[in-house]
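Colleague: Fold the stuff below for me.
(one chain, ligands or ions: 1)
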Amino acid sequence: MEEMNELFYREPYTREFDAEVIGCTHVQDHYEIVLSDTAFYPEGGGQPCDTGTLDQINIENVQRRDGAIVHCADAPLAVGRKVHGILNWQRRFDHMQEHSGEHLVSGLIFRKYGFDNVGFHMGETIQIDFNGSLSFDEMRLIEVRANEVIWQNEPIEISYPTHDELQSLSYRSKKELHGRVRIVTIPDGDVCACCGTHTASTGEIGMIRILSCEKHKQGTRVQMLAGRRALQYDQEIFDQDHEISVLLSSEMKKTGAAVKELMQKLSEQRYQIGALQKDLMTYQLQEYAADLPLAMVFEKDLDRETMRALAIALTEKKNCRVAAVLSGRENAYGYVLVSHQVDLKKYSKLLNESLHGAGGGTSDILQGNFRTVKEDISDLLKQLFANLEQ
Ligand SMILES: [Zn+2]
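Modeller: Next up is the predicted model:
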């Protein structure tokens, strides 16, 4: 598995290196460069590829193709040229922390529950699918155990056991492996066949943070973070908590209770406002004339429920034939029309078409929005409903 030109295996902490260009092929819109030796890890085994530069040329994609490692570039590099490679080290080290963290969590779950990692993806977060059911509380315990293994700071070993040694070795592996097998061992954590890059010791994983755990197909999908990205996440969560604590004048870590209290207050106030609007409406109702063919009311800030209640009161208590309650401004009005005598549904299409509206309802009640000025609405409603003879 480990070839002579795979510097990322021989010395996984190499950030810069010198090599010779031994191949450069023009493929469609890019060049594929092959080097005598490379520290760029090609995408594989669930781990994204490294990025960086070869001299001044950007390398954004590195793949393994027919046994060769190809560096995709926008510009060609002459065969025979000596080049200096520089890795985007933060990205690579993030991947090492993530990959070792992923092994550690998968290994601990395998040891405790016997579930296999049946698919994983490393990106901004690490996603792992297990073929068994796990609860968030169980994952919390795994999180604690994984961090304990990190604190033990034991070396992570890479080995190439012989065929006979492999027979007696118990290790996780997704598929039947042929040829030389690369085994990654995390003491007290995991033994797994793997082609990725790993931190030299468990301590360098830094930390493990479980983000979520949900049912997926017959098993469980876990999202987690490791290393710098876990720290960054905790800092963002800290900042959020801090911001909420300042806004609500509450202590940090007690913001949940403060938000609950706020929501309780809000719902009480909403209830009070509703009750007040009803009172106000009863009071206002006295001002409105009774027995009209059309009672039309324009008000500024009524919510839908109050509009409905007012329109119903105008027809039922004030005995108006059609009640139209509109609320809004300029050229946008919400409407509620109520009548127990006229089949309103027949007018719905005409109203919406003429007044650039949307909405509908039953023969007793129509509601929606008109997108036009008050005068147009008023004129049409009068034309349709104000004449008792209609
Ligand atoms: Zn691996």
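Colleague: Setting aside sequence neighbours, what's the nearest residue to Ser106?
Modeller: Excluding the flanking residues, the one nearest Ser106 by Cβ to Cβ, 6 or more residues apart in numbering is Asn117, at 4.1 Å. The C-beta positions use only the backbone N, C-alpha and C, and glycine is treated the same way.
Colleague: Tell me which residues touch the one you found, please.
Modeller: Neighbour list for Asn117: Glu102, Ser106, Ile109, Phe110, Ile128, Asp129, Phe130, Arg172, Lys174 [criterion: Cβ atoms under 8 Å, 6 or more residues apart in numbering].
Colleague: With Ile186 instead?
Modeller: Ser100, His103, Leu104, Gly107, Val149, Glu154, Ile156, Thr202.
Colleague: just how off-centre is whichever helix or strand Arg145 is part of within its chain?
Modeller: Taking DSSP states H and E as the definition, one finds Arg145 inside helix 136-152. Between the centre of helix 136-152 and the centre of its chain there are 24 Å (Cα atoms, centre = their mean, to the nearest Å).
Colleague: Now do that helix: which elements does it pack against?
Modeller: Other elements packing on helix 136-152 under the criterion 3 or more Cβ pairs under 8 Å, 6 or more residues apart in numbering; DSSP states H and E are helix 89-113, strand 208-216.
Colleague: in the last one, what's buried?
Modeller: For strand 208-216, a neighbour-count test (16 or more other Cβ atoms under 10 Å) marks Ile208, Arg209, Ile210, Cys213 as buried.
Colleague: Equivalent analysis for the longest one, please.
Modeller: Neighbour-count burial for helix 89-113 flags 92-110 (criterion: 16+ other Cβ under 10 Å).
Colleague: Strands of the stretch 1-150 of the chain, start to end?
Modeller: 16-27, 30-35, 52-54, 57-59, 61-65, 68-73, 82-87, 117-122, 126-130 (DSSP state E, counting those that start in this stretch).
Colleague: do you know which of those strands lies nearest Leu344?
Modeller: The minimum distance between Leu344 and the strands of the stretch 1-150 of the chain falls on strand 126-130, with 53.2 Å, by Cβ to Cβ.
Colleague: do that closest one and the ion meet at all?
Modeller: No. Strand 126-130 is not in contact with the ion by Cβ under 5 Å from the ion; minimum separation 11.0 Å.
Colleague: partner residues bridging Phe298?
Modeller: On the basis of DSSP bridges, Phe298 is bridged to Leu326.
Colleague: Model confidence score at it, please.
Modeller: Looking at Phe298, its pLDDT is 93.
Colleague: How many residues are close by it?
Modeller: Phe298 sits with 15 neighbouring residues when counted by other Cβ atoms under 10 Å.
Colleague: okay but it is in contact with Lys374, surely?
Modeller: Yes. With contact defined as Cβ atoms under 8 Å, Phe298 counts as touching Lys374 (6.2 Å).
Colleague: and the nearest residue to Gly46 once chain neighbours are set aside, bridged to which residues?
Modeller: Nearest residue to Gly46, sequence neighbours excluded (Cβ to Cβ, 6+ apart): Phe120, at 5.0 Å. Judged by DSSP bridges, the bridge partners of Phe120 are Ile128.
Colleague: what sits against Phe120?
Modeller: For Phe120, the residues meeting the contact criterion (Cβ under 8 Å, 6+ apart) are Gly46, Glu102, Ser106, Ile126, Gln127, Ile128, Asp129.
Colleague: just Asp291 next, same as before
Modeller: Asp291 is in contact with Lys318, Asn319, Cys320, counting by Cβ under 8 Å, 6+ apart.
Colleague: Met96 now?
Modeller: Neighbouring residues of Met96 by Cβ under 8 Å, 6+ apart: Pro12, Thr197, His198, Thr199, Glu204, Gly227.
Colleague: if we can go back for a sec, so for the helix holding Arg145, what gets flagged as buried?
Modeller: Residues Glu138, Met139, Ile142, Glu143, Arg145, Ala146, Asn147, Val149, Ile150 are the ones in helix 136-152 that count as buried (16+ other Cβ under 10 Å).
Colleague: Include pLDDT when you put those residues into JSON lines, please.
Modeller: Listed next are the buried residues of helix 136-152 as JSON lines, based on pLDDT from 0 to 100:
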{"residue": "Glu138", "pLDDT": "97"}
{"residue": "Met139", "pLDDT": "97"}
{"residue": "Ile142", "pLDDT": "98"}
{"residue": "Glu143", "pLDDT": "98"}
{"residue": "Arg145", "pLDDT": "98"}
{"residue": "Ala146", "pLDDT": "98"}
{"residue": "Asn147", "pLDDT": "98"}
{"residue": "Val149", "pLDDT": "97"}
{"residue": "Ile150", "pLDDT": "98"}
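Colleague: quick one, which of the helices and strands packed on helix 136-152 is nearest to the ion?
Modeller: helix 89-113 (5.6 Å; Cβ to the ion).
Colleague: for the closest one, the distance to its chain's centre please.
Modeller: Between the centre of helix 89-113 and the centre of its host chain there is 21 Å, according to Cα atoms, centre = their mean.
Colleague: Measure how that helix sits relative to strand 208-216, angle-wise.
Modeller: With axes from the mean of the first three to the mean of the last three Cα atoms, to 10 degrees as the basis, helix 89-113 and strand 208-216 are set at 60 degrees to each other.
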